[in-house]
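Undergrad: for reference, the sequence and a predicted model appear below.
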Amino acid sequence: MKELNLQNIRQQLDVMDAQLTELFEKRMELCREVAEYKIHTGKPVYDSTREKQKLEAVTALAHSDFTRKGTYELFSQIMTISRRLQYGLLAAHGQAMDMGFTMVEDLKRENVRIAYQGVEGSYGHGAALQYFGREADVYHVKTMEDAMVEVEEGRADYCILPIENSSAGAVSDNYDLLVKHDVYIVAETELPVSHALLGLPEASLEDIRTVYSHPQALMQSSRYLNSHRDWKQISTVNTAVAAKKVAEEKNISQAAVASPAAGELYGLKALETSINHNKNNVTRFIILSRIPVYKKGSSKVSICFEGAHRSGSLYNMLGNLIYNDINMLMIESRPIPGRSWEYRFFVDAQGSLSDAAIQNALKGISEEAVSLRILGNY
Ligand SMILES: O=C(O)C(=O)C[C@]1(C(=O)O)C=C[C@@H](O)C=C1
């Protein structure tokens, strides 16, 4: 057997890697010229047919299954890097994508109407008052979708909807609705969710036999509620509806799990406060407008995209963020209606639509994805 000498093998690898690097740099120089051609002709950077042909041609040169697969991966990466280079050059020539958003100094806050889902005293109501102030012109509608339609059809200037809870995670339905309706995220607000056990003013803990609330709130307070085994727990559509029911039925044995604000509104007494076991329970609400604007200094961009249904597609989309040095804050996937086992992705990234890096990344995603929608910058 040939005597193996690691040092000698490494020296040969070093020589070969230097050649590869030199060739890689030469290839990128040519891609620079391709970019110049594309700047002048307006031809898109991404050419899937050419990439497919290229991958077929180079894999045909390989001699084993292993190197064929490796060649495929290697050249997919090289062309991805080539695209990044070209997007950067296009952006430097002022050929950034038109995002369709206008930057404003501040969001309009005077004489605005705000729709929220639920009833008075619900957490949605609380979030609306927290963001727009206690004197704000807020009104409620029945469903989350109703709230979006109010904005879309111009009856409300804004609507406010929960999108994520620190313990329960994403409010998936609202992600789906964001794609369905022509509304844009213009702001967000975080509302600490702290449940109280609310009873009639004359009630005491010993009187309670039945507790009403939304299933989520019952669950979030289950440790406390289960320590009172004789209490019957009954679900309602909303925490505030539970409080209203207790106030209206005037039965001393009934209590509701809802916010202290709901208690105040319906004249109930807090028999116990902060009964949710996760004390760091915060819900993030988004504020939606039908006008695509973003406030100067906004630092979070939300997008939604569908990639091609093939290996590496998501990886390539996210590569656009990585190559532009953008920090991804959140990713969520949702099934695409009518297409089983295919998903669309919702991504929050750090930055502003006026940043060159964000513009560059979004241009890349928009060319390479099946569809891209910018949901907002706030
Ligand atoms: O040939 C082109 O049009 C290029 O932009 C070059 C290149 C490559 O690196 O080979 C890069 C991107 C395209 O999607 C296809 C191929």
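TA: Thanks, I have the structure now. Predicted model, so just to flag it, every value in this text is computed and none were measured.
Undergrad: and stretch 24-41 with the ligand, contact?
TA: Yes: judged by C-beta under 6 Å from any ligand atom, stretch 24-41 comes into contact with the ligand through 31, 34. C-betas here are computed from N, CA, C, even on glycine.
Undergrad: buried sites along that stretch?
TA: By neighbour count on 16 or more other C-beta atoms under 10 Å, the buried set for stretch 24-41 is 31, 34-35, 38-39.
Undergrad: dump those residues into CSV; add secondary structure and pLDDT as well.
TA: Output for the buried residues of stretch 24-41, formatted as CSV (DSSP: H, G, I helix; E, B strand; the rest coil; pLDDT from 0 to 100):
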residue, secondary structure, pLDDT
Cys31, helix, 97
Val34, helix, 97
Ala35, helix, 94
Lys38, helix, 92
Ile39, helix, 90
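Undergrad: from those residues, pick the one nearest the ligand.
TA: The ligand lies nearest to Val34 out of those, by C-beta to the nearest ligand atom, at 4.4 Å.
Undergrad: excluding chain neighbours, give the residue nearest to the closest one in space.
TA: Gln86 (6.6 Å; C-beta to C-beta, 6 or more residues apart in numbering).
Undergrad: is there proximity between whichever strand or helix holds that neighbour and the ligand?
TA: Element membership for Gln86, per DSSP states H and E: helix 65-92. Yes: on the criterion C-beta under 6 Å from any ligand atom, helix 65-92 is in touch with the ligand at 79, 82-83, 86.
Undergrad: next up, the contacts around the residue in the chain that the ligand sits nearest to.
TA: Per C-beta to the nearest ligand atom, Ser82 is where the chain lies closest to the ligand, at 3.2 Å. For Ser82, the contact set (C-beta atoms under 8 Å, 6 or more residues apart in numbering) comprises 27-28, 31, 34.
Undergrad: and the gap between Ile163 and Arg339?
TA: Ile163 sits 24 Å away from Arg339, going by C-beta to C-beta, to the nearest Å.
Undergrad: next one: Glu33
TA: 40 Å.
Undergrad: now Arg50
TA: Counting by C-beta to C-beta, the gap from Arg50 to Arg339 is 27 Å.
Undergrad: equivalent analysis for Met28, please.
TA: 37 Å.
Undergrad: Gly312 now?
TA: For Gly312, the distance to Arg339 - C-beta to C-beta - is 19 Å.
Undergrad: please apply the same query to His277.
TA: Counting by C-beta to C-beta, the gap from His277 to Arg339 is 39 Å.
Undergrad: I'd say Gln130 and Thr189 touch.
TA: Yes: taking C-beta atoms under 8 Å as the definition, Gln130 is a contact partner of Thr189 at 5.7 Å.
Undergrad: check the offset of the helix or strand harbouring Asn8 from the chain's centre.
TA: Using DSSP H and E, the element containing Asn8 is helix 6-41. The chain centroid and the centroid of helix 6-41 are separated by 37 Å, computed with C-alpha atoms, centre = their mean, to the nearest Å.
Undergrad: can you check stretch 192-210 too?
TA: The answer for stretch 192-210 is 36 Å, by C-alpha atoms, centre = their mean.
Undergrad: with stretch 202-213 instead?
TA: On C-alpha atoms, centre = their mean, the centre of stretch 202-213 falls 39 Å from the chain's centre.
Undergrad: what's in contact with it?
TA: 195, 197, 199, 218, 221, 225, 228, 230-236, 239, 242, 245-246, 252-258, 269, 271-272.
Undergrad: now for Ser172, how many residues are close by?
TA: 14 (other C-beta atoms under 10 Å).
Undergrad: that one contacts Pro335, doesn't it?
TA: No: between Ser172 and Pro335 there is no contact under C-beta under 8 Å: 9.5 Å.
Undergrad: picking up where we left off before, which ones among the contacts of stretch 202-213 map onto helices?
TA: Secondary structure assignment (DSSP state H) places 218, 225, 239, 242, 245-246 from the contacts of stretch 202-213 within helices.
Undergrad: most widely separated two among these?
TA: Leu225 and Lys245 (17.0 Å; C-beta to C-beta).
Undergrad: what's near enough to touch Ile81?
TA: Counting by C-beta under 8 Å, 6+ apart, the residues that Ile81 touches are 28, 323.
Undergrad: name the nearest residue to Gly118, sequence neighbours excluded.
TA: Gly124 (4.5 Å).
Undergrad: mind listing what the one you found touches?
TA: 116-118, 140, 160-162, 285.
Undergrad: at 7 Å instead, please
TA: 116-118, 160, 162 (C-beta atoms under 7 Å, 6 or more residues apart in numbering).
Undergrad: Val193 now?
TA: Val193 neighbours (C-beta under 7 Å, 6+ apart): 123, 276, 281-283.
Undergrad: out of these, which is most surrounded?
TA: Highest count within the contacts of Val193 by other C-beta under 10 Å belongs to Tyr123, 28 neighbours.
Undergrad: against Ala261, how distant is that one?
TA: In terms of C-beta to C-beta, Tyr123 sits 9 Å off from Ala261.
Undergrad: what's the answer for Leu288, then?
TA: 23 Å.
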